[in-house]
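# have a look at this fold, sequence not included:
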């Protein structure tokens, strides 16, 4: 865990439901323990990190603030109250008088759950959020970019049933029958799914970047930015003329792959600046001295309210889906999680484990995209049979065994060989668009017009 008695300030987007709620729940349970299981080194990084590190126990009253960044204030408040109840229930199960009970009780008195309004489909809302948290908090230790959406229209039921009968694991892990629509725009005239899943989080990162650096200065421990991807991540877009994902019929999958491109590019530049002193073409985007690092995480496959967007017209369909999940998990899929708490294991592990215990592409060369069995309908199917693929980044995902015992996992994200510089190109486009919105916002403030905001021209940077 963080080797400091300083308060942790953890921002979780989309925290009122789904995996975001599960992350908050798991953080509370784990941090209420003097020895969190999720903070123990799990992966083989070529050294015995657990023995090398002598990390002092965090005082229970050091303070933890979880900032629940949500679009709906009422749902956020309801989730906040439920999280407090769940923490109280967890503490009540501990043996009274034990060290664990005393620690958890002291933790309960100091922990804070704050709610803040954040609508990722509005750049104005994201910028307002950045200003608000910058006034309320001196630093941020973790950004967990969990919130996401999709423009599903329906589920191709017959096609899905066929896939489930003929390729059950692939049908669940890499579904191809979730039909999406294209051309959906946000109020900022940007690709809706793209803005909610990727660009909105990028704007948030840039808006609170000084608070991440402030955490490193105060504590000596780097802050962490966790970008939520998915097993569905796939390069199904044209990076030249559809980078906002308005033309592709797979905007959700493409947005998750863009997350991996952006995250890996930011981390690559951070490492180069820290270790090699190499100047970045956009030096303001990264931490030049390793003040914060970026990681890709995934919740695996779990049941959330996003599935309601599929408009399945079958009574009791949710129970049928859960039954299919159980069967697929039992026959061999490690990626199907039956609870939101379990789906949060990778994100919470990456948030709490010592940085030295987190694998990187360099210290785990044995992890390869060739280890993944992609289905015949996937972009990467049989791409790596005749050559060893290059690795873009590592994705840390929630996994469990057939009995539901959860643990973090890791898999390699392959380089998009057709467009190997896609991450760099996207990052520069993101930054130009971000700067265009900042300029429009400044102009709107100077003229006294801050309606739903000064937009960049046609939603695009020149």
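Perfect, I can see it now. All figures in this text were calculated on a predicted structure; none of them were measured in a lab. Numbers count the residues shown, from 1 in each chain.
# ok, now which ones touch residue 104?
By C-beta atoms under 8 Å, 6 or more residues apart in numbering, residue 104 lies in contact with 32, 33, 60, 90, 91, 94. Where you see a C-beta, it was placed from the backbone N, CA and C, and this is true even at glycine.
# ok, now which ones touch the nearest residue to residue 160 once chain neighbours are set aside?
Using C-beta to C-beta, 6 or more residues apart in numbering and skipping the chain neighbours, the partner closest in space to residue 160 is residue 177 (4.0 Å). Residue 177 makes contact with 155, 156, 157, 159, 160, 163, 171 under the criterion C-beta under 8 Å, 6+ apart.
# any stretches of this structure with poor pLDDT?
Where the chain drops to pLDDT under 70, the residues are 1-6, 47-56, 277-281, 449-462.
# show me what the lengthiest helix in it is packed up against.
Scanning the chain for the helix with the most residues, using DSSP state H, yields helix 422-447. With contacts defined as 3 or more C-beta pairs under 8 Å, 6 or more residues apart in numbering; DSSP states H and E, helix 422-447 has these neighbours: helix 123-136, helix 200-219, helix 251-271.
# and that helix, what's buried?
422-423, 426-427, 429-431, 433-434, 436-438, 440-441, 444 (16 or more other C-beta atoms under 10 Å).
# that helix to helix 200-219, inter-axis angle?
Between helix 422-447 and helix 200-219, the angle comes out at 90 degrees (axes from the mean of the first three to the mean of the last three C-alpha atoms, to 10 degrees).
# could you check how far the closest residue to residue 253 other than its chain neighbours is from residue 13?
In space, and not counting its chain neighbours, residue 253 is closest to residue 234: 4.3 Å by C-beta to C-beta, 6+ apart. As judged by C-beta to C-beta, to the nearest Å, residue 234 and residue 13 stand 22 Å apart.
# which one of the two has more residues nearby?
Shown here are residue 234 and residue 13; by other C-beta atoms under 10 Å, residue 13 has more neighbours (27 against 19).
# can you give me phi and psi for that one?
Here is the backbone geometry of residue 13 (degrees, to the nearest 10): phi -80, psi 150.
# what do you get for residue 299?
Backbone geometry at residue 299, expressed as degrees, to the nearest 10, gives phi -90, psi 0.
# now do the contacts for residue 371.
411, 412.
# let's see that with 10 Å instead.
Going by C-beta atoms under 10 Å, 6 or more residues apart in numbering, residue 371 touches 384, 411, 412.
# the spatially most distant residue from the centre of the chain sits in which helix or strand?
What lies farthest from the middle of the chain is residue 97; by C-alpha atoms, centre = their mean that is 37.4 Å. Assigned by DSSP states H and E, residue 97 belongs to neither a helix nor a strand.
# so how far is residue 36 from it?
For residue 97, the distance to residue 36 equals 21 Å [C-beta to C-beta].
# and if you look at residue 386?
44 Å.
# compare those two (neighbour count), which wins?
Regarding residue 386 and residue 36, a neighbour count based on other C-beta under 10 Å identifies residue 36 as having more, with 19 against 6.
# surely residue 405 and residue 342 touch.
Yes: between residue 405 and residue 342 there is a contact under C-beta atoms under 10 Å: 8.9 Å.
# so the two - more neighbours on which side?
Just comparing residue 405 and residue 342: by other C-beta under 10 Å the higher neighbour count belongs to residue 342, 22 against 9.
# the more buried one and residue 403 touch, don't they?
No: between residue 342 and residue 403 there is no contact under C-beta under 10 Å: 11.7 Å.
# show me what contacts the spatially closest residue to residue 264 that is not a sequence neighbour?
Computed as C-beta to C-beta, 6+ apart, the closest residue to residue 264 that is not its neighbour in sequence is residue 393, at 3.7 Å. By C-beta under 10 Å, 6+ apart, the contact set of residue 393 is 227, 229, 260-261, 263-265, 267-268, 294-296, 360-361, 412-415, 423.
# just the buried ones from the residues you listed?
For those, a burial check counting by 16+ other C-beta under 10 Å picks out 227, 229, 260-261, 263-265, 267-268, 294-296, 361, 412-415, 423.
# and for the closest residue in space to residue 270 that isn't next to it in sequence, the neighbour number?
In space, and not counting its chain neighbours, residue 270 is closest to residue 286: 4.5 Å by C-beta to C-beta, 6+ apart. Counted with other C-beta under 10 Å, the neighbours of residue 286 add up to 25.
# wait, residue 286 touches residue 272, no?
Yes: checked against C-beta under 10 Å, the pair residue 286 and residue 272 is within contact range at 8.5 Å.
# what helix or strand does residue 362 sit in?
Going by DSSP H and E, residue 362 is not part of any helix or strand.
# in contact with it, which residues?
Neighbour list for residue 362: 46, 271, 391 [criterion: C-beta under 10 Å, 6+ apart].
# ok, residue 345 next?
Residue 345 neighbours (C-beta under 10 Å, 6+ apart): 22-23, 26, 30, 37-38, 42, 297, 299-300, 337, 396-400, 406-409.
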